[in-house]
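Chemist: any chance you can model this:
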Amino acid sequence: MSFRFVDLFCGIGGFHAALSALGGECVLASDIDKDARRVYADNWKIDPLGDINQFANESVVEVPDHEVLVGGFPCQPFSKSGRQQGMDEARGTLFWNIAKVIEEKKPVIVLLENVRNLVGPRHLHEWEIIIQTLRSLGYRVSKTPMIISPHQIRRDFGGRPQVRERVLISATRYPGKWSELSDDVFPPVLDWAINSSQSWDLKTDLPLELDEQISQPNVYLTNEEKRWIRTWENFIRAIRSANGKLPGFPLWFDVWPVKKGKELVEISSSNPAWKNEFIRKNIEYFFEHEKTIRKWYRENSIIEDFPPSRRKLEWQAQESKSIWTCLLHFRPSGIRVKKATYVPALVAMNQTSILGAQKRRLTVRETARLQGFPDWFRFLSQPDSISYKQLGNAVNIGVIYQVIRSQVRRDLDLLLNFPDITRSILSKPDNPDLVLADPLNLLRGKSYKKPRKEFQEELPLRLVN
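Modeler: Next comes the predicted model:
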């Protein structure tokens with residue numbers, strides 16, 4: 001192996017997959033979740049430690065030497081007392097534990113991942129502390145956040161049909177003082193791997209499993225769930241037949257005065273503004289299409305027996321002709337329908353995407369593919385709900401793979417004394433799937449073609465040959 005890495009808050013090993021595909025060897029992993037540790041150990045043949053406070057705390061840092069440190073850390077609110085904007089202010093948070101390891105072991109490359117909200121208005125303070133702390137520890141890191149989603153990356157570079165915006169913090173060790181570096185540092189650029197105009201098709205780009213390959217009978221829709229969808233499908237057909245349009249706002253059956261004697265839902269000053277606006281638009285829509293809606297209701301009065309959240313429809317599928325050609329989600333806010341191109345971000349909750357054409361949810365295997373995990377990756381005998389949760393918490397492998405490559409490319413001037421790391425990372429295939437397709441590739445240290453032409457032009461000759 002060409003470099004050693006530490007995998008903090010490792011989950012089931014998304015970072016591990018990307019870094020091992022780039023030639024790295026994991027010397028320590030940790031996660032507080034025991035189920036995730038079991039899956040990690042089974043697939044990556046290393047037993048993760050538990051709580052990071054056990055080996056990286058105020059008095060001790062028991063971590064092997066390593067060149068690369070990665071982690072998808074939880075972001076806790078930092079104390080604002082005194083506004084130190086540095087490592088002391090991060091004390092008591094999990095980022096502080098990471099900073100202690102960095103301070104002690106001085107890895108060459110650090111890559112951290114977090115949710116997009118980390119750079120939102122409510123967390124600007126936390127963002128400032130993180131950047132200031134990494135800089136004070138001697139790292140080049142951009143104040144401008146890098147936000148990337150798997151669906152923006154080309155399929156042949158490990159991209160996936162999933163909208164999953166995440167913040168990546170790329171820090172590279174600088175041998176001098178931060179004051180000697182320009183403040184004008186930009187985040188890594190993935191120009192060679194990005195294709196914003198790329199269209200996705202779940203069936204072929206994921207790809208979807210065939211019915212005979214599926215071992216999860218519980219992914220198929222129940223008769224009750226099919227009734228919910230059929231009822232709203234009838235509504236869509238009725239509106240379209242009457243030359244009506246489906247609105248951009250959610251439709252709410254409970255607001256419509258479809259039954260004789262049913263009073264209008266009133267707009268009330270005690271309601272939040274958004275709810276009153278929601279009610280107003282639905283009432284207007286009802287009277288605009290009253291004849292069509294009343295006829296639909298007479299034929300589909302079964303909707304009154306649906307759970308409250310299933311009496312709402314969020315149509316986001318533009319001109320799609322049928323729900324059954326779309327992607328659905330059963331949400332607390334209603335049944336959301338969108339085109340079957342890419343899926344929303346996987347979350348660690350039970351809101352698995354539903355494939356209308358297949359009349360089923362995504363399987364665990366398909367969900368793993370969305371995150372870039374190879375088909376040989378196993379989830380042992382744990383309940384499917386736990387596997388879905390773990391995948392919702394995982395990092396996307398293709399994103400991590402490309403960001404690390406772009407980080408090395410950005411910071412070649414700081415990495416000239418680390419030719420093994422640089423050569424290993426930049427000489428791997430454009431697509432991590434080519435390495436991960438066979439687990440033996442990771443053990444063999446299989447060599448691949450030389451770097452892409454643009455990489456060759458940028459690398460010193462001694463690193464290419």
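Chemist: A41 against K34, yeah?
Modeler: No. Look at A41 against K34 with C-beta atoms under 8 Å: they stay out of range, at 10.5 Å. All C-beta spots, glycine's among them, are computed from the backbone N, C-alpha and C.
Chemist: the helices in the stretch 51-200 of the chain, which residues?
Modeler: 94-105, 124-136 (DSSP state H, counting those that start in this stretch).
Chemist: of those, which approaches F373 most closely?
Modeler: Shortest distance between F373 and the helices of the stretch 51-200 of the chain, using C-beta to C-beta, is found for helix 94-105: 24.3 Å.
Chemist: list the buried residues for the closest one?
Modeler: Neighbour-count burial for helix 94-105 flags L94, F95, W96, N97, I98, A99, K100, V101, I102, K105 (criterion: 16 or more other C-beta atoms under 10 Å).
Chemist: and the two most separated of these?
Modeler: Taking C-beta to C-beta, no two of the buried residues of helix 94-105 sit farther apart than L94 and K105, at 16.9 Å.
Chemist: looking at the helices of the stretch 51-200 of the chain, spot the one closest to W232.
Modeler: Smallest distance to W232 across the helices of the stretch 51-200 of the chain (C-beta to C-beta): 40.9 Å, for helix 124-136.
Chemist: so what's the residue found closest to L8 once you drop the neighbours it is linked to in the chain bridging to?
Modeler: Computed as C-beta to C-beta, 6 or more residues apart in numbering, the closest residue to L8 that is not its neighbour in sequence is G71, at 3.6 Å. Counting by DSSP bridges, G71 is bridged to L8, L112.
Chemist: helices along the stretch 351-465 of the chain, start to end?
Modeler: 364-370, 384-393, 397-410, 419-426, 432-436, 439-444, 453-458, 461-464.
Chemist: which other helices and strands does the second one contact?
Modeler: Using 3 or more C-beta pairs under 8 Å, 6 or more residues apart in numbering; DSSP states H and E as the contact test, the elements touching helix 384-393 are helix 34-44, helix 364-370.
Chemist: chain center to that helix: distance?
Modeler: Between the centre of helix 384-393 and the centre of its host chain there is 13 Å, according to C-alpha atoms, centre = their mean, to the nearest Å.
Chemist: and if you look at stretch 56-70?
Modeler: The answer for stretch 56-70 is 26 Å, by C-alpha atoms, centre = their mean.
Chemist: how about stretch 326-334?
Modeler: 19 Å.
Chemist: and it, what's buried?
Modeler: C326, L327, L328, H329, F330, G334.
Chemist: pretty sure the fourth one is touching A345, no?
Modeler: This means H329. No. Checked against C-beta under 8 Å, the pair H329 and A345 is beyond contact range at 11.4 Å.
Chemist: circling back: tell me the one among the buried residues of stretch 326-334 nearest to Q54.
Modeler: Nearest to Q54 among these, with distances taken as C-beta to C-beta, is H329, at 38.4 Å.
Chemist: isn't there a strand covering that closest one?
Modeler: Yes. Applying DSSP: H, G, I helix; E, B strand; the rest coil, one finds H329 inside a strand.
Chemist: how near is it to R310?
Modeler: 12 Å (C-beta to C-beta, to the nearest Å).
Chemist: common neighbours of these two, please.
Modeler: Common contacts of H329 and R310 (C-beta atoms under 8 Å, 6 or more residues apart in numbering): I335.
Chemist: now for L206: which residues touch it?
Modeler: R160, P161, E366, R369, L370.
Chemist: the first one and A394 touch, don't they?
Modeler: Okay, so that is R160. No. Counting by C-beta under 8 Å, R160 sits too far from A394 to count as a contact (11.9 Å).
Chemist: shared neighbours of those two, which are they?
Modeler: Common neighbours of R160 and A394 (C-beta under 8 Å, 6+ apart) are Q371.
Chemist: neighbour count winner among A41 and K34?
Modeler: More crowded of A41 and K34, by other C-beta atoms under 10 Å: A41, with 15 against 9.
Chemist: and the more buried one, how far is that from P48?
Modeler: 7 Å.
Chemist: do the same with L124
Modeler: 32 Å.
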